[in-house]
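Trainee: Sequence plus the predicted model coming up.
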Amino acid sequence: MRLRDILFQSTFSKIFVYNILFEDSEVDERFLGVDEDSNVLSITGAGCGVAGMVSRRARSLDAVDINQHHLALAALKITAAQRLTPYKTFYDLLGHGAVQDPYEVVKQIAHYMPHWVQRYWKRHHERFSSNFYEKGLTAESLKILRNIVGLDADYLRSLAAKTNEQRIASINEVIGPVFERPLIKAATSSPIQLISLGVNYEQKERMLEAEGAQNMVDFIMHHLRRIVVTDLDTNWFAWLNVAGHYNHEREDAVPPYLRKSRWERSIHAPTRVRYHHRNLFSVMGEAPRKTWTHYTLCDMPDWLPPELQRQLLEEILRTSKDGAVMLYRTVEDDCLVDRLGFHGHFKRMDNESKIATDLDRSRQYRHVHFYRISHAS
């Protein structure tokens, strides 16, 4: 990795950036096929996806992240899904993002979490004393934008009533001029803004090239135009971006792990969870052959130069059981499996990948890739 990406990763790992996973976990679950026989290795992000796997009652889950804030949040979501009752308290904590006495609520489940996670939430439980979904670097950046433009739930509802063409026109007219302001434009391309987006320099170059964008303002506007033509009533990414909270009027407008039917399957689920606050390569490097049946990598491969992408695929091939599934998202059209010559062992699930890409409500990535792993030469 280049020095600037090493420095980026070091800084990113120390900051509370995300409060949700900016990937559509409902789409993922549709095609991953996690069940009671599954052993899953996942990069957690903010934990919405791994928390959803609890209701699938996977045999084991290895949750990995270099960012202790995100891993601690993933541990809280997973443990709450398995242990926190009643449902109202669970939903108030992680749906509304606020409870009357957050210390006592977190204390109910703290002893089920690793000691370092217990200490973390003892220090940071106050984040749930008011809207948790306005906390973290990404949420704070979005809040500034909402205040400048005047975005809120009413604006989002008004957009939902328009045609797609009218929605795009509104985004261009209401938000576009804000990003052309010199200070906003400069801030959008700054290192701190890249961190808030979770985009390192390697990924930024790939992203701008794939989109034909000149700068990050171009990319953000492309992204907003894509997300605005989705089903805005159920798009929880749009709601958090524009309103700062979920659409609580609809159960299908929140990540799956928050839904009551899923919570009922998650309570006392036997999934064995291990938390790894370190690099994914380190975790895989210590694992024996044929350890995992599923890999969810977020967009991590986009962060890597080609030599590390090759090492990643080699380690997945070594540690996977035959027939395992790999999921990752990418900002580019090019496929690293084909580019690096691994198509003999990684068979793209073409139909599933196309449907997932079309349905993904986050609209941050050009492709959602599912691969079936085969050890036959």
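Mentor: That came through fine.

Trainee: and Pro256, what does it touch?
Mentor: Shown in contact with Pro256 (C-beta atoms under 8 Å, 6 or more residues apart in numbering): 25-26, 29, 52, 55, 262. Any C-beta I mention is one placed from the backbone N, CA and C, and that applies to glycine too.

Trainee: can you map out the helices along the stretch 251-377 of the chain?
Mentor: According to DSSP state H, counting those that start in this stretch, the stretch 251-377 of the chain carries its helices in the segments 260-266, 280-285, 306-319, 336-339, 350-359.

Trainee: Quick one: list the elements packing against the longest one.
Mentor: For helix 306-319, the packing partners by 3 or more C-beta pairs under 8 Å, 6 or more residues apart in numbering; DSSP states H and E come out as helix 280-285, helix 336-339.

Trainee: which stretch in the ones you listed has the least confidence?
Mentor: Of all the helices and strands packed on helix 306-319, the segment with the smallest mean pLDDT is helix 336-339, scoring a mean of 92.

Trainee: Send over it as CSV, restricted to the C-alpha atoms.
Mentor: Extracted as CSV, the C-alpha positions of helix 336-339 are listed here (Å, rounded to 0.1, in the frame of the first residue of the first chain):
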residue,chain,number,x,y,z
LEU,A,336,-10.6,-8.4,-9.5
VAL,A,337,-11.2,-12.2,-9.7
ASP,A,338,-11.0,-12.1,-13.5
ARG,A,339,-8.2,-9.5,-13.5
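
Trainee: what about that helix, distance to the chain center?
Mentor: For helix 336-339, the distance between its averaged C-alpha position and the chain's averaged C-alpha position is 23 Å (C-alpha atoms, centre = their mean, to the nearest Å).

Trainee: what does it contact?
Mentor: Taking C-beta under 8 Å, 6+ apart as the rule, helix 336-339 contacts 301, 306, 309, 313, 330, 343, 346, 348, 369, 371.

Trainee: Now flag whichever of those residues is closest to Leu280.
Mentor: Out of the contacts of helix 336-339, the one with the shortest distance to Leu280 is Pro301. That distance is 10.4 Å, counting by C-beta to C-beta.

Trainee: Wait, the closest one touches Tyr328, no?
Mentor: Yes: counting by C-beta atoms under 8 Å, Pro301 touches Tyr328, with 5.3 Å between them.

Trainee: Settle it for me: which of those two has more neighbours?
Mentor: Taking neighbours as other C-beta atoms under 10 Å, Pro301 and Tyr328 compare with Tyr328 leading, 23 against 20.

Trainee: Which stretches in the protein count as strands?
Mentor: Remark: strands of the chain, listed N- to C-terminal, are 39-43, 60-64, 272-276, 292-296, 320-330, 346-348, 367-373; assignment by DSSP state E.

Trainee: Quick one: closest of those to Leu197.
Mentor: In terms of C-beta to C-beta, the element of the strands of the chain nearest to Leu197 is strand 320-330, at 13.8 Å.

Trainee: ok so, going back, now for the helices of the stretch 251-377 of the chain, which one comes closest to Phe237?
Mentor: Nearest to Phe237, of these and by C-beta to C-beta, is helix 350-359 at 12.9 Å.

Trainee: Okay, buried residues for the closest one please.
Mentor: 352-353, 355-357 (16 or more other C-beta atoms under 10 Å).

Trainee: now stretch 121-137
Mentor: For stretch 121-137, burial by neighbour count (16+ other C-beta under 10 Å) applies to 121, 124-125, 127-128, 131-137.

Trainee: Pass me the low-pLDDT residue ranges in the stretch 51-200 of the chain, would you?
Mentor: Low-confidence segments of the stretch 51-200 of the chain, defined by pLDDT under 70, are absent.

Trainee: Okay, helices next: where are they in it?
Mentor: With helices called from DSSP H, counting those that start in this stretch, the stretch 51-200 of the chain shows them at 68-83, 87-91, 102-110, 115-124, 137-149, 153-160, 164-174, 176-179, 182-188, 191-197.

Trainee: what would these look like in CSV with distance to Thr271?
Mentor: Compiled in CSV, the helices of the stretch 51-200 of the chain are given as follows (distance: least, C-beta to C-beta, whole Å):
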stretch, distance to Thr271
helix 68-83, 7
helix 87-91, 17
helix 102-110, 15
helix 115-124, 16
helix 137-149, 28
helix 153-160, 35
helix 164-174, 40
helix 176-179, 43
helix 182-188, 40
helix 191-197, 31
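
Trainee: and among the ones you listed, the most buried is which?
Mentor: Across these, averaging neighbours per residue (mean count of other C-beta atoms under 10 Å) puts helix 68-83 on top, at a mean of 25.

Trainee: Tell me the helices and strands packed up against it.
Mentor: For helix 68-83, the elements it packs on are helix 48-53, strand 60-64, helix 102-110, helix 115-124, helix 260-266, strand 272-276, judged by 3+ C-beta pairs under 8 Å, 6+ apart.

Trainee: Distance from the chain centre to that helix, please.
Mentor: Averaging C-alpha positions (C-alpha atoms, centre = their mean) puts helix 68-83 14 Å from its chain's average.

Trainee: now the angle between strand 272-276 and it, please.
Mentor: With axes from the mean of the first three to the mean of the last three C-alpha atoms, to 10 degrees applied, the angle from helix 68-83 to strand 272-276 works out at 170 degrees.

Trainee: tilt between helix 68-83 and helix 137-149?
Mentor: Using the same axes, to 10 degrees, the interaxial angle of helix 68-83 with respect to helix 137-149 works out to 100 degrees.

Trainee: okay if I get the helices and strands packed on helix 306-319 as a markdown table plus mean neighbour count and distance to Leu194?
Mentor: As requested, the helices and strands packed on helix 306-319 are arranged in a markdown table below (neighbours: other C-beta atoms under 10 Å; distance: least, C-beta to C-beta, whole Å):
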| stretch | mean neighbour count | distance to Leu194 |
| --- | --- | --- |
| helix 280-285 | 16 | 21 |
| helix 336-339 | 16 | 21 |
